[in-house]
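Here's my sequence, what's the structure:
(chains A and B)
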Protein chains: 2
Amino acid sequence: MSDPPPFYKHHVFCCVNERAASDPRGCCAGKGSEALRNYMKVRAKELGIANVRINNSGCLDRCALGPTMVIYPEGVWYHYRTAQDVDEILRTHLIEGGRVERLLLRPGDTAPPGEIMVAGATNASRK
Amino acid sequence: MSDPPPFYKHHVFCCVNERAASDPRGCCAGKGSEALRNYMKVRAKELGIANVRINNSGCLDRCALGPTMVIYPEGVWYHYRTAQDVDEILRTHLIEGGRVERLLLRPGDTAPPGEIMVAGATNASRK
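Below is the predicted model of the structure:
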């Protein structure tokens, strides 16, 4: 028996988890994810993107890469920091069906794309 | 260019949204979803289910069917009320790769499976 058809064409989950400022893991809420998620929800509606839901979620457990979002059913993860990042994800991914390569997260990532890992950057000079 | 491989094999989102008791839409939290989600998270770990995340989420917007969860990437939705329901979803869906037919939600559903819709039930006698 096949599964029921999808309820949403795209289901976006934006982590809005908040931790104490003293927590070394940090949190997506502490990096502005709530305002960015709210902006994304409003803009998706303004752009008339059909059959999408821009959801709040609890901790997605990739805190070092945050703010993070994951878009299902395709299972594509993004880091995002600004309204311009959100606009690009809306346009390129949700409307055009492409990918925003510069913001994509891959399974082994330990830092957001484009950010230098201080520990990693010095590894090359170590034995 | 193909997408990065999936980060989780199964990503479960349990709505834990809470609304005021006076809100006619009701809410999943008001139907016990937080405790059930916490139970599911603990049991998934006890059962040693690998590469799954049992996530809290905000409102999934299918309030009348709550408590609701959706499992991606397959995009399968369930209604659940009890620890036994959660156990069956863990075993049948996440471990065995099957579906819990009696709890499945379909796109057009307006009430949880097995519950009689009062308005709908009387439609047959109307012209």
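
Helix or strand with the lowest mean pLDDT in chain A?
helix A:118-121 (a mean of 48; mean pLDDT, DSSP states H and E).

So residue A:18 versus residue B:37, what's the distance?
18 Å (Cβ to Cβ, to the nearest Å). Quick note: C-beta positions are derived from backbone N, CA and C, even for glycine.

how about the CA coordinates for the longest helix belonging to chain A, as CSV?
When chain A is parsed with DSSP state H, its longest helix is helix A:33-46. Provided in CSV are the C-alpha atoms of helix A:33-46 (Å, rounded to 0.1, in the frame of the first residue of the first chain):
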residue,chain,number,x,y,z
SER,A,33,16.4,32.7,14.1
GLU,A,34,13.0,33.7,15.4
ALA,A,35,12.9,37.0,13.6
LEU,A,36,14.3,35.4,10.4
ARG,A,37,11.7,32.6,10.6
ASN,A,38,8.9,35.1,11.0
TYR,A,39,10.2,37.1,8.1
MET,A,40,10.4,33.9,6.0
LYS,A,41,6.8,33.1,6.8
VAL,A,42,5.6,36.5,5.8
ARG,A,43,7.6,36.7,2.6
ALA,A,44,6.5,33.2,1.5
LYS,A,45,2.9,34.4,1.8
GLU,A,46,3.7,37.7,0.0
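
pretty sure residue A:58 is in contact with residue B:54, am I right?
No. Under the criterion of Cβ atoms under 8 Å, residue A:58 makes no contact with residue B:54, lying 9.8 Å away.

distance of residue A:50 from chain B?
Distance from residue A:50 to chain B, counting by Cβ to the nearest Cβ, to the nearest Å: 14 Å.

burial count for the nearest residue to that residue once chain neighbours are set aside?
Distances taken as Cβ to Cβ, 6 or more residues apart in numbering or on different chains put residue A:9 closest to residue A:50, at 7.2 Å, once the chain neighbours are dropped. By other Cβ atoms under 10 Å in any protein chain shown, the residues close to residue A:9 number 12.

Buried residues in stretch A:36-49, which are they?
The neighbour-count criterion (16 or more other Cβ atoms under 10 Å in any protein chain shown) identifies A:36, A:37, A:39, A:40, A:41, A:43, A:44, A:49 as the buried residues of stretch A:36-49.

pLDDT and distance to residue B:22 added to the residues you listed, as TSV?
Putting these into TSV (pLDDT from 0 to 100; distance: Cβ to Cβ, whole Å) gives the following:
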residue	pLDDT	distance to residue B:22
A:36	98	31
A:37	98	26
A:39	98	29
A:40	98	29
A:41	98	24
A:43	98	31
A:44	98	29
A:49	97	32
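
for chain A, what spans make up the strands?
For chain A, the strands defined by DSSP state E occupy A:10-15, A:52-57, A:68-72, A:76-79, A:104-105.

Any residues of chain A in contact with chain B? List them.
Contact residues (Cβ under 8 Å from any Cβ of the partner chain) of chain A with chain B: A:1, A:3-7, A:11, A:13, A:16, A:53, A:55-62, A:70, A:72-77, A:99, A:101, A:104-107.

so where's chain A uncertain?
Chain A contains residues with pLDDT under 70 at A:116-127.

Spatially central residue in it, please.
Centroid-nearest residue in chain A, with Cα atoms, centre = their mean: residue A:69, separated by 2.3 Å.
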